[in-house]
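> everything below, folded, please.
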Amino acid sequence: MNKSKHYTLMFIPDDNGKTFTLKIHKYVLRSLLIFSVLFITGMILLLYKSGEIAAKLQLTHLIKMENAELSRENENLKRLSVKLESIEQLSKYIHQLALPDELVSVSEEKAKKPSKQKREVDEEKSIPEMTRAQLPAIDSSADLSSSIPNIPPVEGWITRQFSTDSIGEQVGHQGLDFAAALGTPIRATASGTVEAIQNDKIFGLSVIIRHDHGFITKYSHCSKILVNENEKVRKGQTVALVGNTGRSTAPHLHYEIIKDGKNIDPSKHLLVHQN
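Sure thing, here's the model as predicted:
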């Protein structure tokens, strides 16, 4: 007896209407069943994996947020560390300016030879009254930090350093050159009084400010001066704009510090360095 290779489906309407049959090959039916099982299984696995992927994506997002927060805190700590270091350097610098050389040498000698303290006191008593009167007075209440030129005069990049070397007819460079865009604000690096506003062929338009403790600062190649002679200026105040006047090939600021009549290296007084 031959086995049938088909399955016959008979459809009988409830209203006693005409019946009809559908003959399906058994391999087709089996294929449909296998495909249905595989499809359902695949959907279940897909949903499961999708849940895992969504959980991993959420975890990754949380980790990125935590890393960003840690990076911000790290940057804040770095900035705080730089500020603390700047404050410490400024404190030491102010202390050195506040103490006369005579008092510093006496203090160092006392620290080295404490056993001779009584003899040194006796020697100090023997100093004539006129000599004592000539010693400079120390005003501890004065705000020394505001009159010390130790901040960058402009937002820019140092393109030429201070130098005292001369090559042939070319003399040394008595200041720092800061490259900056035309019209960039130039700040007073310390509080003081505008001593002079000059305009010549070499330095172009310049402003000179006198400060306490023997400091003078000069800002050259400006495009515009925003202060007047004899005007009081505060530390950080905009006094001019970057220009290209005088002997200059591109917009920049030539910045000088003069201490007791002698040019000194401004980079040694920059407590906040350029990036």
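> packing partners of the host helix or strand of residue 217?
Under DSSP states H and E, the secondary-structure element containing residue 217 is strand 215-225. The contact analysis (3 or more Cβ pairs under 8 Å, 6 or more residues apart in numbering; DSSP states H and E) places strand 215-225 against strand 192-200, strand 204-210, strand 238-242, strand 252-259. Every residue, glycine included, has its C-beta placed from N, CA and C.
> residue 174: which of those strands is closest?
Checking the helices and strands packed on strand 215-225 against residue 174 by Cβ to Cβ gives strand 252-259 as the closest, at 5.6 Å.
> could you check the angle strand 204-210 makes with that closest one?
Comparing the axes of strand 252-259 and strand 204-210 via axes from the mean of the first three to the mean of the last three Cα atoms, to 10 degrees yields an angle of 30 degrees.
> distance from strand 252-259 to the middle of the chain?
When distances are taken as Cα atoms, centre = their mean, to the nearest Å, strand 252-259 is centred 22 Å away from the chain's centroid.
> list the buried residues in it.
Of all the residues in strand 252-259, those buried under the rule 16 or more other Cβ atoms under 10 Å are 252, 253, 254, 255, 256, 257, 258.
> thinking again about what came up before, kindly reformat the helices and strands packed on strand 215-225 as CSV and extend each row with distance to residue 160.
Output for the helices and strands packed on strand 215-225, formatted as CSV (distance: least, Cβ to Cβ, whole Å):
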stretch, distance to residue 160
strand 192-200, 19
strand 204-210, 16
strand 238-242, 15
strand 252-259, 9
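> between these, which gets nearest to residue 64?
Among the helices and strands packed on strand 215-225, the nearest to residue 64 by Cβ to Cβ is strand 238-242 (40.6 Å).
> tell me what the longest helix that the chain contains is packed against?
Secondary structure of the chain per DSSP state H: the longest helix is helix 26-98. Helix 26-98 sits against strand 6-11, with contacts defined as 3+ Cβ pairs under 8 Å, 6+ apart.
> and the next helix or strand past the lowest-mean-pLDDT helix or strand in the chain?
Sorting the helices and strands of the chain by mean pLDDT, DSSP states H and E puts helix 129-134 at the bottom, at a mean of 37. For helix 129-134, the following helix or strand on the C-terminal side (DSSP H and E) is strand 157-160.
> got the CA coordinates for that next one in PDB?
Written as PDB, here are the backbone C-alpha positions of strand 157-160 (Å, rounded to 0.1, in the frame of the first residue of the first chain):
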ATOM      1  CA  TRP A 157      52.100  83.800  22.200                       C
ATOM      2  CA  ILE A 158      55.700  84.800  23.100                       C
ATOM      3  CA  THR A 159      57.600  84.900  19.800                       C
ATOM      4  CA  ARG A 160      60.800  86.500  20.900                       C
END
